[in-house]
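# just to be clear, the model below is a prediction. Sequence and coordinates:
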Amino acid sequence: MAENAAVIKSAGRVLEIFEYFGEKRAPLSVREIAEHLEYPLSSTAALMKSLDVLGYVSYERHLRAYLPTVRLSRLGEWVYEAIAHKQGLVELLARLAEKTGETAILSAENDIYAQIVHMVPGDYHIQLQVPPGTRRLLCQSVIGWAMITGFNDAKVAGLVARTRDLLGRAGASLSMQQVMAHVEVARARGFAFGRSLTTKETGTVALAIPQPEGQAGLAVSVSGLWKRMEKSREAIAQELRHEVDGFLRMANEEKSARARARG
């Protein structure tokens, strides 16, 4: 690893370790970290112990490896919200809530989860209330199935494996075939639809927002009481497509304008 003279060595190493966790998305031993990043084994061990004490990683004795903690994952949650405001996605949600009368939600891919970034309630008397930061497993949620429609098979297989590891015995029945059955239905329809697995009386229509390679997946969705959603799912899906198409068109126009300005 080439050292940058402008970066304090210990600070640079901490960030590189976090980035390596993000790349591997798996528990890592001190030896794995040291060998991959070409750090001395003793200083790597001391650094990981310090991060453990500070609460950013935890040592899993049965694995003899470290895992990032929720504290670390929450450090950047506000960034999604800032991006949503900057890109006009909050206004998009407001239009969806007004047109459908239901709760409109923006979610972002966060490891094996779909994490709610922003929510705008509609005007029905009974509304779904889901606070920002709430997470749903990508493999086991309507919003997740919508996001997965844009993933390749290798990425889905990795999601399934890591979700099974997380759930342990409760995830024994989860399979690639099971997840892809939902995803293929969503691809054929052009949107994902189904009951909430956590709140059975509610339903969700969800659509992925295509993202450049390497960026976290995004999805917009509309949720409400199952009886209402079942009757109006096609109309809601049409509104979702209209808003997402308009958002992508505007983003492409802005990108072209910036390119012309530079040229």
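Sure, I can see it. Residues are numbered from 1 along each chain as shown.
# hey, C-alpha coordinates of the helix or strand S43 falls within in PDB?
With elements delineated by DSSP states H and E, S43 resides in helix 41-54, which encompasses its position. As requested, the backbone C-alpha atoms of helix 41-54 are provided in PDB (Å, rounded to 0.1, in the frame of the first residue of the first chain):
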ATOM      1  CA  LEU A  41       0.100  -8.000  12.200                       C
ATOM      2  CA  SER A  42       0.800  -6.500  15.700                       C
ATOM      3  CA  SER A  43      -0.400  -3.000  14.800                       C
ATOM      4  CA  THR A  44      -3.500  -4.400  13.000                       C
ATOM      5  CA  ALA A  45      -4.400  -6.400  16.100                       C
ATOM      6  CA  ALA A  46      -4.000  -3.300  18.300                       C
ATOM      7  CA  LEU A  47      -6.000  -1.100  15.900                       C
ATOM      8  CA  MET A  48      -8.900  -3.600  15.800                       C
ATOM      9  CA  LYS A  49      -9.000  -3.900  19.600                       C
ATOM     10  CA  SER A  50      -9.200  -0.100  19.800                       C
ATOM     11  CA  LEU A  51     -12.100  -0.100  17.300                       C
ATOM     12  CA  ASP A  52     -13.800  -2.800  19.400                       C
ATOM     13  CA  VAL A  53     -13.400  -0.700  22.600                       C
ATOM     14  CA  LEU A  54     -14.900   2.300  20.700                       C
END
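# what residues does it touch?
Residues outside helix 41-54 that contact it (Cβ atoms under 8 Å, 6 or more residues apart in numbering): 10, 13-14, 17, 30-31, 33-34, 37, 39, 57-59, 66. The C-beta positions use only the backbone N, C-alpha and C, and glycine is treated the same way.
# how many neighbours does the residue lying closest to T202 once chain neighbours are set aside have?
In space, not counting the residues next to it along the chain, T202 is nearest to S196; the distance is 4.6 Å by Cβ to Cβ, 6 or more residues apart in numbering. Taking other Cβ atoms under 10 Å as the criterion, the count of residues near S196 is 19.
# next one: L51
Once other Cβ under 10 Å is used to define contacts, L51 is seen to have 20 neighbours.
# local confidence estimate at it?
For L51, the pLDDT comes out at 92.
# repeat that for V205.
With respect to pLDDT, V205 scores 97.
# this structure: strands as residue ranges?
Shown for the chain, the strands assigned by DSSP state E span residues 57-60, 65-68, 103-110, 113-120, 135-137, 192-195, 202-209, 218-225.
# mind listing what the fifth one pairs with, with the direction of each?
Counting by DSSP bridges, the strands paired with strand 135-137 are strand 113-120 (antiparallel).
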